[in-house]
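Colleague: Sequence unavailable; structure follows:
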């Protein structure tokens, strides 16, 4: 047992020439030490369980992050495939270049929005960040 102010004071009575502590005093000191030990054990157990919970949470978050990265990569691949289909250019018999795949809409406003979205997707797919 490491010396502490409490134990130093308790056992200093031997050095001062005073009478040895009584059994009751030893018993009280023993109860105090046992209570401190039990509190320390409880605290240690709590900290271990908290650490386990934190590790489990970290593992769950890492798994979710890996899944999200996989979904992001799959979505980026799908966008690239979609844009590559829209970007296919062919030459007609008359020598004119055209895109055989078109997106049409009866609503001119929607068609304009679709065109803007496709352009944004095209730019985003070309500038795909490499960071994971």
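Modeller: Yep, it's here. Only a predicted model underlies this, so the values are computations on that prediction, with no experimental measurement involved.

Colleague: Least confident secondary structure element in this protein?
Modeller: Every helix and strand of the chain was ranked by mean pLDDT, DSSP states H and E. The lowest is helix 5-15, at a mean of 60.

Colleague: Helix or strand next in line after that helix, which one?
Modeller: helix 23-86 (DSSP states H and E).

Colleague: by contact count, what packs against the next helix or strand after that following helix?
Modeller: Following the chain from helix 23-86 toward its C-terminal end, the next helix or strand by DSSP H and E is strand 90-91. Contacts defined by 3 or more CB pairs under 8 Å, 6 or more residues apart in numbering; DSSP states H and E place strand 90-91 against strand 97-98. C-betas here are computed from N, CA, C, even on glycine.

Colleague: how far out from the middle of the chain is whichever helix or strand comes after the strand it packs on?
Modeller: Heading C-terminal from strand 97-98, the first helix or strand you meet, by DSSP H and E, is helix 108-126. The chain centroid and the centroid of helix 108-126 are separated by 34 Å, computed with CA atoms, centre = their mean, to the nearest Å.

Colleague: now stretch 101-116
Modeller: The mean C-alpha position of stretch 101-116 is separated from the chain mean by 40 Å, CA atoms, centre = their mean.
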